[in-house]
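Enquirer: Sequence plus the predicted model coming up.
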Amino acid sequence: MLPPLVQLTVNGRPLAVAAPADATLLDLLRDTLALTGTKRACDRGECGACTVVRDGRPIYACLTLAHACTGHEIRSIESLGSADAPHALQSAFAAEDAAQCGFCTPGQLMAAAALLATNPDPSEDEVIAAMSGNLCRCGTYPKIVRAVRRAAATLRHADPAGPERAHG
Ligand code: FES
Ligand code: FES
């Protein structure tokens, strides 16, 4: 018997994907959809490397069952920008040298994108609180905080009244 279908939207694309009942969203993204920008590190909800955005909120894909995403909208790092047209967050991370090994960076960026979508001018403390679920073994935390605030300023300057800040 074929596994049941998960019906969800990933990066703006409606999909119906077969997945075993115990598959996680991380399995679905990386192994079925080949969206490998979302990283698997601890695989048990301790590090945030697998962070994606579901309906505007950051979640750990490794702790989320794929079938729990039926009817929901998922955004992964692949939706954020590209090498040719980076999102303001990606440009800011590069400018602040906030990625060292880079393994945590996709998750950091998605957590930051979710923050800026609801808070376009976060204080340093607000950034630290919003990113507290994302660990960085390279210890670039001060640079990450600066990068998120730099991106926020860039986005406010580019579009002071614009609602689309997270997924540009
Ligand atoms: S890989 Fe999901 S929290 Fe670490
Ligand atoms: S940049 Fe290496 S773990 Fe964060």
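Expert: Here it is on my side, so go on. Ligands and ions are numbered 1, 2, ... in the order given.
Enquirer: Name all residues that make contact with the residue nearest the centre of the chain.
Expert: Nearest residue to the geometric centre of the chain (C-alpha atoms, centre = their mean): residue 110, 2.2 Å. For residue 110, the contact set (C-beta atoms under 8 Å, 6 or more residues apart in numbering) comprises 51-53, 58, 75-77, 80. C-beta coordinates here come from the backbone N, C-alpha and C atoms, glycine included.
Enquirer: Quick check: the gap between residue 91 and ligand 2.
Expert: 17 Å (C-beta to the nearest ligand atom, to the nearest Å).
Enquirer: i'd like the first residue to be 15 from this point on
Expert: I'll keep to 15 as the first residue from here, and by that count the last item is residue 105.
Enquirer: was I right about that residue contacting residue 167?
Expert: No. Residue 105 is beyond contact range of residue 167, at 11.8 Å (criterion: C-beta atoms under 8 Å).
Enquirer: Redo the contacts of residue 124 as TSV? Include neighbour count, pLDDT and distance to ligand 2.
Expert: As requested, these are exported to TSV (neighbours: other C-beta atoms under 10 Å; pLDDT from 0 to 100; distance: C-beta to the nearest ligand atom, whole Å):
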residue	neighbour count	pLDDT	distance to ligand 2
65	28	98	12
66	31	98	17
67	22	98	19
72	21	98	16
89	23	98	20
90	23	98	18
91	25	98	14
94	23	96	17
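Enquirer: Now for those: which two are most distant?
Expert: Across the contacts of residue 124, the longest distance by C-beta to C-beta is 12.8 Å; it joins 72 and 94.
Enquirer: Mind listing residues that contact whatever helix or strand residue 105 lives in?
Expert: Using DSSP states H and E, residue 105 sits within helix 102-109. Residues from elsewhere that reach helix 102-109, judged by C-beta under 8 Å, 6+ apart: 94-95, 100, 112-113, 119, 122-123, 126-127, 130, 158, 161-162, 164-165, 168-169, 172, 182.
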